[in-house]
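In: Generate coordinates for the sequence data below:
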Amino acid sequence: MTKETPSATDTTRKAPEGNQADILVGRRLRALRLEAGLSLTELAAQAGVSVGALSQVERGVSSLRVRTIWPLAAALGVEPSQLLDESSEGNDIYCVRSNRRRELPVRSEGISKFLLSPPGATLTGMTVEIEPGGGTAEAYAHQGHEFGFVMTGTVELTIDGTSYSLRQGDSFAFRSTLLHAFRNDGDERCIIIWVNTTKPSEIRDGD
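Out: Numbers count the residues shown, from 1 in each chain. Below you'll find the predicted structure:
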């Protein structure tokens, strides 16, 4: 009996023809790669796999090996589980269902953030919920640009030392490199749709 010879990279295994799970994983991987602005060659180099093996995975011809999932996810800036979610809703590569929003960690009291954008998206969309009396502990800055729209309530937004009182229906936009902070001095929860050009891991408190 002849044994199958493993590939030099040992990155993939041959998938049965028509394996729908592998096809879906390949489509998701390709979408994440394109969203990240990486070529096959660039992603393969960052993840330490061969271009040929990566191409086969994207086409659903081969399956991912466990040892490859982590470096690929790291190179794409996503969680490993996001490459393998085989549920029907998890296959919405470009969409986020309302019951699958991921809560993001915050450092300040009275603030909750929920991710609206799908894995690998260039823009980071969030809902920022600020309880009465809640707000950022201090002004901060980071790379990128941001935009926000106040859905409900009121918020005191400070940008580069100037404060703005915003209420439902108001919006804003500014460079993230400017020191900024916000606080809810009203009596009801404030909810803001907040869009940022940086990744969630690079954002400190509320935007």
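In: Longest helix of this protein, counting residues only.
Out: helix 20-35 (DSSP state H).
In: now for that one, which elements pack on it?
Out: Where contact means 3 or more CB pairs under 8 Å, 6 or more residues apart in numbering; DSSP states H and E, helix 20-35 is packed against helix 51-58, strand 62-64, helix 66-76, helix 81-84. From N, CA and C alone the C-beta is placed, and that goes for glycine too.
In: Identify each buried residue in the last one, please.
Out: Judged by neighbour count using 16 or more other CB atoms under 10 Å, the buried positions of helix 81-84 are 82-84.
In: nearest to Glu138, of those?
Out: For these, the closest approach to Glu138 (CB to CB) belongs to Gln82, at 32.1 Å.
In: The residue lying closest to that closest one once chain neighbours are set aside: how many residues sit nearby?
Out: Leaving aside its sequence neighbours, Gln82 sits nearest to Pro119 (CB to CB, 6 or more residues apart in numbering; 4.5 Å). The local packing of Pro119 (other CB atoms under 10 Å) involves 23 other residues.
In: Can you show me the CA trace of stretch 118-132 as CSV?
Out: Extracted in CSV, the C-alpha atoms of stretch 118-132 (Å, rounded to 0.1, in the frame of the first residue of the first chain):
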residue,chain,number,x,y,z
PRO,A,118,-17.2,42.2,9.5
PRO,A,119,-13.7,40.7,9.9
GLY,A,120,-11.1,42.2,7.7
ALA,A,121,-13.1,45.3,6.8
THR,A,122,-11.0,48.4,6.1
LEU,A,123,-13.3,50.6,8.1
THR,A,124,-14.2,49.8,11.8
GLY,A,125,-17.8,50.5,12.5
MET,A,126,-19.2,50.4,16.0
THR,A,127,-22.0,51.4,18.3
VAL,A,128,-20.7,53.3,21.2
GLU,A,129,-23.1,53.3,24.2
ILE,A,130,-22.4,55.8,27.0
GLU,A,131,-24.4,55.6,30.2
PRO,A,132,-25.3,58.9,32.1
